[in-house]
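1. here is my input, please return the structure:
(6 chains)
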4 protein chains.
Amino acid sequence: MKKEKVKTEPATSEPLSKSAIRRQREREQRYQTILNAAETLFAREGYHKASMEQLADMAEVSVGTVYFYFKNKEDLLINLMDEIGFKLRNMLGEEFKKSDFSMEGFRRAGQIFFEDFCSNHPESLSILFRESAGQSPLVEAHRKKIFNKLINDVKAALLRLEENNGVRFQSPLSAEVMAVCIMGMYERIAYQYLIWQDDRSMDLKTIGEDAVAFIVGGIGNLCR
Amino acid sequence: MKKEKVKTEPATSEPLSKSAIRRQREREQRYQTILNAAETLFAREGYHKASMEQLADMAEVSVGTVYFYFKNKEDLLINLMDEIGFKLRNMLGEEFKKSDFSMEGFRRAGQIFFEDFCSNHPESLSILFRESAGQSPLVEAHRKKIFNKLINDVKAALLRLEENNGVRFQSPLSAEVMAVCIMGMYERIAYQYLIWQDDRSMDLKTIGEDAVAFIVGGIGNLCR
Amino acid sequence: MKKEKVKTEPATSEPLSKSAIRRQREREQRYQTILNAAETLFAREGYHKASMEQLADMAEVSVGTVYFYFKNKEDLLINLMDEIGFKLRNMLGEEFKKSDFSMEGFRRAGQIFFEDFCSNHPESLSILFRESAGQSPLVEAHRKKIFNKLINDVKAALLRLEENNGVRFQSPLSAEVMAVCIMGMYERIAYQYLIWQDDRSMDLKTIGEDAVAFIVGGIGNLCR
Amino acid sequence: MKKEKVKTEPATSEPLSKSAIRRQREREQRYQTILNAAETLFAREGYHKASMEQLADMAEVSVGTVYFYFKNKEDLLINLMDEIGFKLRNMLGEEFKKSDFSMEGFRRAGQIFFEDFCSNHPESLSILFRESAGQSPLVEAHRKKIFNKLINDVKAALLRLEENNGVRFQSPLSAEVMAVCIMGMYERIAYQYLIWQDDRSMDLKTIGEDAVAFIVGGIGNLCR
DNA sequence: GATGAATGAGGCTTCATTCAT
DNA sequence: CATGAATGAAGCCTCATTCAT
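-> This next block holds a predicted model:
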């Protein structure tokens, strides 16, 4: 339990030999392969039902190799969550930045979330919003951290918006509550229409637009 | 799997003897005792970590007895979810009805959700929003059904609102999307502030008010 | 890990029904069956090499049943050690008592050890002197406790001897050191001739007599 | 299993080049480093709990290197035992020789054992008396061989003593039995006071003296 | 109806050993 | 020679479920 697992990005800055570099690259590839297999498997079978043997098979490595790269099953899930959280934050933050934290940013972020993230990474959705829920305390703590970061990003954008538009929100908590609300909306919409809907022919575009309109109106109503 | 489990409300309408009535009542009490124990245990330990033996201990019955009242562990969870869903729907529906499906209803429903349901039944929250997620397909199907009912209630209220106020929502899906949004908001607020917050001294009242304002604004913005 | 395992001798003193008594007896029998199987298996295969499945097979129960009676493999070993230690102490103590703590007691105890215990319970020897050595800290602690008890018995007998004979030992530690020595002698003789089973058909009787003579002389030499 | 491992003392007697000599020396150093690491690790963690990876880390080499010098884990333990046995025999034999196989030799050997060997090499004690017990048949066979050698040394000294002093022991086995007894005494004293006693402030000198007095008396009593 | 001992499949994890680089 | 990533068999243990009493 105390054994330190391989880090794919060692801090050492000494020059590496050619073969060492190749090794390093191979390690990172292997790490990713396993993580990707886990994402697919956990999303498809469920975290609990998925066994480490299935995972190893899917990643085309031996069980031992999985344990060479990850401390245990839980560690695998946590790393997966972190990766997904990171991906998602980057994607949304990008849009906020591009539109200079105007109301337009919320529109674009919403659009990106639905039309890009949800459509292209339904498995990531399952992991973050479903499979990682209700697991061990450690996983739950990570989940909390990731959601907090996402919510803080949105909150920060709201505060910029408040500042830029020269308005004041209803209460000191408003920005945070709104951020939580927005997060929850997207989460449930994704769950409802992407995870639960077998029929993906839904009019995602309209849904997204309505949601965005809802948000815009919601925000507007908390400015006094 | 083939064994038919006792129903606490048998369809037979023939008059029952005194002792039969007592038996019947005892059965129902026992059933409830177990269900309550399950709620507490699943919320505290997590559905998977909780064992049937722990559950039996907590309910002060034997494992065999648990299996007399419930087909299996999954069945226990499903019944629990149904009960919680039923409780929640009633509570919210009541408020909508009382305020005659006016905008005021959304305010009151929100208030009730936070100040009554969340505060008094944090364990129900955990079961519905966390522990029941990412389990077997059957559980997931039930979860979907329950959420759908809740969302439909909200949607119905929105449609009544639309009708009463003589407005038109942006799109034919708007009512549903808004319902989903509202559901998601409440879900995440509850998760964020009730399940994750060790410190429950949060200003729940303000949070609730901000959330309601958000909703009201959101709805308003989807009327054209 | 925290689960309390069945106790074969519950402290409750309320009268038990006939069937409850039978159940109780069956439990104790089962417990003993498993413990006996463990003794044989651990002695034959070695504690580490012996698997829980082998053990279950030998005891003609399922693995689950073993875990119903014993917390884990370690717990099994510890209970086994305790039982053996208890058996051995009783046997030796009996002899000391019978001969009223005279020098004769040491003669008889030695004789009993070799001709009775060692000959009839070679497996117990293996467990106590070989298999239980070098295992987990918990096992080691138990081993220490058991040996300490045995040594204390011998020490007590020596002190009685000192008193009865009106002599004084060389140093205040002498009694204890002698006890440790005697224990060690018997241990190694048993190991050497019983566990390692020299193909030489050893004359256990002579060996025992020589050992006893050694002890008698040793004790005598520490009296001043 | 089929691979022949390096011997640190190759039989070839042809003159070696300078660099070959250096190589040779380095090899021997490496061999010793690993063996020393094993001694420390096995004594501290226990033979079974210690993994080859931990060992490699401690010896600051790679696992592969360990396998270059030792056939397998068992081989490592056996070599360690041999080394310790060799060390111990030399130390004791030296004293017997020095005192010309008189009774004084037993006194000095005992003294040396406690005050030198036990105090300075507690890890060796653990390996020989604890960790190597109850392992594979091969290890057990080696243990037997080592103990037999030690016992034979003592037996030989006893026979010399018998001869020199012109006495006759009680039985033809007496010398051997006494040797076994002495070995056992020292073994258990070491275990009791060195391995088990966290508090090493024991009066080792007195213990040693008492033990020696016990031996002397014991021997005396078997002479007729 | 209630009990609780028994079951056994299945899961996670460890670790000695190998071998291509 | 040295390295360390990869292997996979094997072990311990859990726990939902059953059924004789």
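
2. any idea which element the residue nearest in space to the middle of chain A lies in?
-> Geometric centre of chain A, nearest residue: A:G85, 2.8 Å, by CA atoms, centre = their mean. Here A:G85 sits within helix A:73-98, counting by DSSP states H and E.

3. and that helix, anywhere near DNA strand E?
-> Yes - taking CB under 7 Å from any atom of the strand as the criterion, helix A:73-98 and DNA strand E are in contact, through A:K73, A:E74. All C-beta spots, glycine's among them, are computed from the backbone N, C-alpha and C.

4. which of the residues in that helix are buried?
-> Of all the residues in helix A:73-98, those buried under the rule 16 or more other CB atoms under 10 Å in any protein chain shown are A:73, A:76-81, A:83-85, A:88, A:92-93, A:95-96.

5. got the domain ranges for chain A?
-> A:18-69, A:74-221 (automatic domain parsing).

6. quick one: name the residues of chain A near DNA strand E.
-> So far as CB under 7 Å from any atom of the strand goes, chain A lies against DNA strand E at A:M1, A:S19, A:A50, A:S51, A:M52, A:E53, A:V63, A:G64, A:Y67, A:N72, A:K73, A:E74.

7. which of the residues you listed are buried? Put it as a ChimeraX command.
-> Selection of buried members from those for ChimeraX, criterion 16+ other CB under 10 Å:
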select /A:50,67,73
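
8. and A:K145, how many neighbours?
-> 13 (other CB atoms under 10 Å in any protein chain shown).

9. about what we covered before: nearest to D:Q29, of the domains of chain A?
-> domain A:18-69 (26.2 Å; CB to CB).

10. report the buried residues of whatever helix or strand A:E209 lives in.
-> Assessed by DSSP H and E, A:E209 sits inside helix A:204-221. Buried residues in helix A:204-221, defined by neighbour count with 16+ other CB under 10 Å: A:204, A:207-219, A:221.

11. pLDDT check: weakest of these?
-> Ranked by pLDDT, those bottom out at A:L204 (80).

12. ok, the nearest residue to it once chain neighbours are set aside to B:F117 distance?
-> Among residues not flanking A:L204 along the chain, A:F114 sits closest, at 5.6 Å (CB to CB, 6 or more residues apart in numbering or on different chains). According to CB to CB, to the nearest Å, A:F114 stands 30 Å off from B:F117.

13. what residues are up against the closest residue to A:E83 other than its chain neighbours?
-> With sequence-adjacent residues excluded and distances taken as CB to CB, 6+ apart, A:E83 is closest to A:L35, at 6.6 Å. A:L35 makes contact with A:L76, A:N79, A:L80, A:E83, according to CB atoms under 8 Å, 6 or more residues apart in numbering or on different chains.

14. just put these in a markdown table and tack on distance to DNA strand F.
-> Output for the contacts of A:L35, formatted as a markdown table (distance: CB to the nearest atom of the strand, whole Å):
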| residue | distance to DNA strand F |
| --- | --- |
| A:L76 | 15 |
| A:N79 | 15 |
| A:L80 | 18 |
| A:E83 | 19 |
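
15. make CSV from those and add distance to B:S124 to it.
-> Below are those laid out as CSV (distance: CB to CB, whole Å):
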residue, distance to B:S124
A:L76, 31
A:N79, 32
A:L80, 29
A:E83, 33
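
16. from those residues, pick the one nearest chain C.
-> A:L76 (23.8 Å; CB to the nearest CB).

17. confidence score at the closest one?
-> A:L76 is assigned 97 on the pLDDT scale.

18. for it, give me its contacts.
-> The neighbours of A:L76, taking CB under 8 Å, 6+ apart as the test, are A:I34, A:L35, A:A38, A:L55, A:V66, A:F70.

19. name the nearest of those relative to DNA strand F.
-> Looking at the contacts of A:L76 and their distance to DNA strand F, the nearest is A:V66, at 8.1 Å (CB to the nearest atom of the strand).

20. burial measure for that closest one, as a count.
-> By the measure other CB under 10 Å, the count of residues near A:V66 is 21.

21. A:E163: neighbouring residues, count only.
-> A:E163, neighbours per other CB under 10 Å, totals 10.

22. okay, now the unreliable bits of chain A?
-> A:1-16, A:198-201, A:224 (pLDDT under 70).

23. quick check: residues of it near DNA strand F?
-> Counting by CB under 7 Å from any atom of the strand, the residues of chain A near DNA strand F are A:6, A:23, A:26-27, A:30, A:61-65, A:67-69.

24. and these, which are buried?
-> Applying 16+ other CB under 10 Å to the residues of chain A next to DNA strand F, the neighbour count classes A:R27, A:R30, A:V61, A:Y67, A:Y69 as buried.

25. contacting residues around the second one?
-> Under the criterion of CB under 8 Å, 6+ apart, the contact partners of A:R30 comprise A:V61, A:T65, A:Y69.

26. rerun at 7 Å
-> Shown in contact with A:R30 (CB atoms under 7 Å, 6 or more residues apart in numbering or on different chains): A:Y69.

27. chain neighbours aside, what residue packs nearest to A:S99?
-> A:G105 is the one closest to A:S99 (CB to CB, 6+ apart), at 3.8 Å.

28. also A:K144?
-> Per CB to CB, 6+ apart, closest to A:K144 is B:W196, 5.1 Å.

29. quick check on the one you found: phi, psi?
-> When quoted as degrees, to the nearest 10, the phi and psi of B:W196 stand at phi -90, psi -30.

30. settle this for me: it is touching A:K145, isn't it.
-> No - at 10.2 Å, B:W196 and A:K145 do not qualify as touching, with contact defined as CB atoms under 7 Å.

31. follow-up on the earlier one: quick check: the residue nearest to A:K144 vs A:R107, distance?
-> 29 Å.

32. same drill for those two, tell me which one is more crowded.
-> Under the criterion of other CB under 10 Å, the comparison of B:W196 against A:R107 puts A:R107 first, with 18 against 15.

33. what strand or helix carries the more buried one?
-> Assigned by DSSP H and E, A:R107 falls in helix A:103-112.

34. quick one: that helix to chain centroid distance?
-> Centroid separation for helix A:103-112 versus its chain: 17 Å, with CA atoms, centre = their mean, to the nearest Å.

35. now it: buried residues?
-> Residues of helix A:103-112 classed as buried under the neighbour-count rule (16+ other CB under 10 Å) are A:M103, A:G105, A:F106, A:R107, A:R108, A:A109, A:G110, A:Q111, A:I112.

36. please produce TSV containing the residues you listed, extended by distance to B:I189.
-> Putting these into TSV (distance: CB to CB, whole Å) gives the following:
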residue	distance to B:I189
A:M103	22
A:G105	23
A:F106	19
A:R107	23
A:R108	25
A:A109	20
A:G110	19
A:Q111	24
A:I112	24
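
37. go through those residues and name the one nearest C:P172.
-> For these, the minimum distance to C:P172 (CB to CB) is 83.3 Å, reached by A:A109.

38. now that closest one: closest residue in space, sequence neighbours ignored.
-> In space, and not counting its chain neighbours, A:A109 is closest to A:E95: 4.4 Å by CB to CB, 6+ apart.
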